[in-house]
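K.L.:
attaching a predicted model along with its sequence, questions to come.
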Amino acid sequence: MPQKININQKFSLFSEHFRPKIIAELNGQHFKLAKIKGEFPWHSHADADEMFFIWRGKITLEFRTHSIDLSEGEAIVVPKGVEHRPIAHGEAEIFLIEPTGVKNTGDETTDEKFSAPDNVWI
């Protein structure tokens, strides 16, 4: 049976940064929540587009040729294969929408603190 999802309540369930949590699945896409603070490593997703939606706070999404600042209520789709990295100077709460099975570090091997465990539902 369908149930409503309270986004603020879901964000209150975790505090770690750069560890996305799955809250829903729709047509092969995971709907994830993440808290970010600081710089995430450069990475890309060879076979998947990725959508960032800012719920609370501000981030800068850096690309090799330019940067885009995003504030609450704004979103961006990063096309597959495009190298990027999110940066948040203060804590930000974001949604990520991407195909099931996509790793948050993309095709890169990174420090363990950035590698989120697969399929963590809250």
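P.N.:
Looks like it arrived, so ask away. Numbers count the residues shown, from 1 in each chain.

K.L.:
name the helix or strand for N8, please.
P.N.:
Using DSSP states H and E, N8 sits within helix 7-11.

K.L.:
show me where this structure has its strands.
P.N.:
21-26, 29-39, 50-56, 58-63, 67-71, 75-78, 84-99 (DSSP state E).

K.L.:
mind putting those strands in TSV, distance to I7 included?
P.N.:
(C-beta placed from N, C-alpha, C; glycine too.) Formatted as TSV, the strands of the chain follow (distance: least, Cβ to Cβ, whole Å):
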stretch	distance to I7
strand 21-26	8
strand 29-39	7
strand 50-56	7
strand 58-63	17
strand 67-71	17
strand 75-78	14
strand 84-99	8
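
K.L.:
could you dump the helix holding N8 to PDB, C-alpha only?
P.N.:
As requested, the backbone C-alpha atoms of helix 7-11 are provided in PDB (Å, rounded to 0.1, in the frame of the first residue of the first chain):
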ATOM      1  CA  ILE A   7      11.300  14.400   3.900                       C
ATOM      2  CA  ASN A   8      12.200  16.400   7.000                       C
ATOM      3  CA  GLN A   9      11.600  13.300   9.200                       C
ATOM      4  CA  LYS A  10      13.800  11.200   6.900                       C
ATOM      5  CA  PHE A  11      16.600  13.700   7.000                       C
END
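
K.L.:
in that helix, what's buried?
P.N.:
F11 (16 or more other Cβ atoms under 10 Å).

K.L.:
and that helix, what does it pack onto?
P.N.:
strand 21-26, strand 29-39, strand 50-56 (3 or more Cβ pairs under 8 Å, 6 or more residues apart in numbering; DSSP states H and E).

K.L.:
would you turn the strands of the chain into CSV with mean neighbour count, distance to K4 and mean pLDDT?
P.N.:
Formatted as CSV, the strands of the chain follow (neighbours: other Cβ atoms under 10 Å; distance: least, Cβ to Cβ, whole Å; pLDDT from 0 to 100):
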stretch, mean neighbour count, distance to K4, mean pLDDT
strand 21-26, 14, 11, 95
strand 29-39, 19, 13, 96
strand 50-56, 19, 16, 97
strand 58-63, 17, 27, 98
strand 67-71, 13, 26, 98
strand 75-78, 14, 21, 98
strand 84-99, 18, 16, 96
